[in-house]
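# I need the structure of the sequence given here:
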Amino acid sequence: MRKLTILGFIAGLIAAALGLGGGVMYNPLLISLNISPKVSSATGMHLIRYSQLAASIGYLVFGVLNMQYGAFLGVLTAIGAVLGMLFVNKMMKKFDRQSIIVILLCFVLLFCTMLIPSFGMIKLLERVDAGEVGLGDFGNIC
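Predicted coordinates:
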């Protein structure tokens, strides 16, 4: 239990520092502790629900929550989640393996690993084009 608590704290810290979703850190962590991919995925989704609820309440309290946009994304997310669950369940039954979840998780991690620096580079190039910074300039990290 102590190991799980320490690893969970470290994973949460890394996810928050890098701006990653918690599931990106918690799912591999739980799988590495010999928890089945199904349980790991469900646990990750359960944990994410509370962090997203807290963030939404914070945005609502500060008056920066766009309700129409949030409702639109909520509907699309619900549809995507149901379709994704149906697809993964069908593939797990077809191949009789839970490793489909692990393979999809690896794909998502790879995709995120490529996108995060790409968006940073795009933002940097936009700032260079606007004349805010030079390409070799390093500003204050704070």
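
# could you pull out the helices for this structure?
2-18, 22-32, 37-61, 67-95, 99-129 (DSSP state H).

# wait, what's in contact with residue 4?
residue 33 (C-beta atoms under 8 Å, 6 or more residues apart in numbering). Just so you know, the C-beta spots here come from the backbone N, C-alpha and C atoms, and that holds for glycine as well.

# Got the confidence number for it?
If you check residue 4, the pLDDT there is 72.

# What of residue 62?
90.

# residues near it, how many?
8 (other C-beta atoms under 10 Å).

# now swap in residue 29 and tell me
If you count neighbours by other C-beta under 10 Å, residue 29 ends up with 17.

# Please name the residues that touch it.
Residues near residue 29 by C-beta under 8 Å, 6+ apart: 7, 8, 11.

# what about 10 Å?
By C-beta atoms under 10 Å, 6 or more residues apart in numbering, the residues touching residue 29 are 4, 7, 8, 10, 11, 35, 40, 44.

# Repeat that for residue 84.
Counted by C-beta under 10 Å, 6+ apart, residue 84 has contacts residue 104.

# where's it relative to residue 69, distance?
For residue 84, the distance to residue 69 equals 22 Å [C-beta to C-beta, to the nearest Å].

# count of residues packed around the spatially closest residue to residue 102 that is not a sequence neighbour?
Take residue 102 and drop its neighbours on the chain: the residue closest to it by C-beta to C-beta, 6 or more residues apart in numbering is residue 37, 5.3 Å away. Residue 37: 21 surrounding residues under other C-beta under 10 Å.
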